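Chemist: mind folding the following:
(one chain, ligands or ions: 1)
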Amino acid sequence: MNDNWEALIEGLKNGRPRALSRLITRVENREPGWEEAMRTIYPATGRARIFGITGSPGAGKSTLTKELSLVLLEKGLSIGIIAVDPSSPFSGGALLGDRLRMQALYEVPQVFIRSMATRGRMGGLCHAARDVTRILDAFGKDIILIETVGVGQDEIEIVRVSDSVMVVCVPGQGDGIQAIKAGIMEIADFFVVNKADRDGADELAADINAMLELSTQADGAKPPVLKTSALKKQGIEALADFILRPRAENRHFERKNIREEIMGLLEGDVSRRLRNSLENNQRMNDLVEKIARRETDPYSVMEELLNDLIDKIR
Ligand code: GDP
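Modeler: Sure, this is the predicted structure:
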């Protein structure tokens, strides 16, 4: 690992926001040495509480994130926010809106906000968000909020990075509950009916509860449904208390995520590394010759090589 990385990690340990920023950028760009940097950081992670915030555009996620952050700050907690932008860093629109709404937070030193574009990201949001989350965690952030814009696969992926996922719904969006996309209900650890200052919030909360009654297994805990008005700053204190409840022991879930992460990392790396190491490999060359002479075939060779690899893991 070169000096630069070491200096950045030292800066991270000493709480320097610039080092934090640069480290995130370099890891995101997969600059040489990023894996070792993450390895060095890893032991200092596992302390932060990580929440995913999702829901359709306009539900008030940014406003809610801002208000929630202000309440958490008052409780003396430091906060990292990852705002996931649907497209490119240059798309303006959504991001600019977020920026404006979160402006109050940009000046607070205890808050670190990072925007993250999803377009063109290899391996999707999940890897990148996980790394950024870990760096923020190692930096000492108490709470990390990952806000998605509510498009496609992203909100499903935040499950793998977050301790718990909050789905934000609002009254008066189409057919109420129907407006909540399929797939989203399943990932919610709890629901927030925002814009409760509008008509229909109680009905929507009742609808969600009714639907949860139907879908929750007999032994499973039913996800709670909270109500807020981010605009009128109502229900935010209760939301903050709710997310600060002691973390449920969910060892099975955590280990499953670790397994998935290892598999994901392997899948990303295996073929590239194999290709490199078999490039000028004598055994490979011999096998190629044998196949050319029709003494064996590619299928058997693949099987043979793969079995050797798997034997090594056993
Ligand atoms: P996001 O797209 O989910 O991040 O939603 P925004 O936070 O950008 O909010 C979308 C719009 O809803 C903005 O005009 C907000 O001012 C408004 N909004 C947010 N929260 C509330 C609320 O609790 N009540 C009402 N009436 N409007 C809200």
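
Chemist: the helices in the stretch 151-300 of the chain, which residues?
Modeler: 154-157, 184-187, 201-215, 236-243, 251-278, 282-292, 298-313 (DSSP state H, counting those that start in this stretch).

Chemist: how about those helices in TSV, adding mean pLDDT?
Modeler: Putting these into TSV (pLDDT from 0 to 100) gives the following:
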stretch	mean pLDDT
helix 154-157	69
helix 184-187	77
helix 201-215	88
helix 236-243	95
helix 251-278	82
helix 282-292	95
helix 298-313	93
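
Chemist: of the ones you listed, which stretch is the most buried?
Modeler: helix 154-157 (a mean of 22; mean count of other C-beta atoms under 10 Å). Backbone N, C-alpha and C define where each C-beta goes, glycine included.

Chemist: would you turn the helices of the stretch 151-300 of the chain into a markdown table with distance to residue 25?
Modeler: Shown next, in a markdown table, are these (distance: least, C-beta to C-beta, whole Å):
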| stretch | distance to residue 25 |
| --- | --- |
| helix 154-157 | 20 |
| helix 184-187 | 29 |
| helix 201-215 | 39 |
| helix 236-243 | 28 |
| helix 251-278 | 20 |
| helix 282-292 | 38 |
| helix 298-313 | 35 |
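
Chemist: out of these, flag the one nearest residue 61.
Modeler: helix 154-157 (10.5 Å; C-beta to C-beta).

Chemist: so which of the helices of the stretch 151-300 of the chain is nearest residue 145?
Modeler: Of all the helices of the stretch 151-300 of the chain, helix 236-243 sits nearest to residue 145, with 9.2 Å by C-beta to C-beta.

Chemist: so how far is that closest one from its chain's centroid?
Modeler: Chain-centre distance of helix 236-243: 21 Å, with C-alpha atoms, centre = their mean, to the nearest Å.

Chemist: and it, C-alpha only, in PDB?
Modeler: This file holds the C-alpha atoms of helix 236-243, laid out as PDB (Å, rounded to 0.1, in the frame of the first residue of the first chain):
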ATOM      1  CA  ILE A 236     -39.800  12.900  13.800                       C
ATOM      2  CA  GLU A 237     -38.800  12.600  17.400                       C
ATOM      3  CA  ALA A 238     -40.800   9.300  17.600                       C
ATOM      4  CA  LEU A 239     -39.100   8.100  14.400                       C
ATOM      5  CA  ALA A 240     -35.700   8.900  15.900                       C
ATOM      6  CA  ASP A 241     -36.500   7.000  19.100                       C
ATOM      7  CA  PHE A 242     -37.700   4.200  17.000                       C
ATOM      8  CA  ILE A 243     -34.600   3.800  15.000                       C
END
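
Chemist: that helix and the ligand in contact?
Modeler: No - judged by C-beta under 6 Å from any ligand atom, helix 236-243 and the ligand are separated, with a smallest distance of 9.7 Å.
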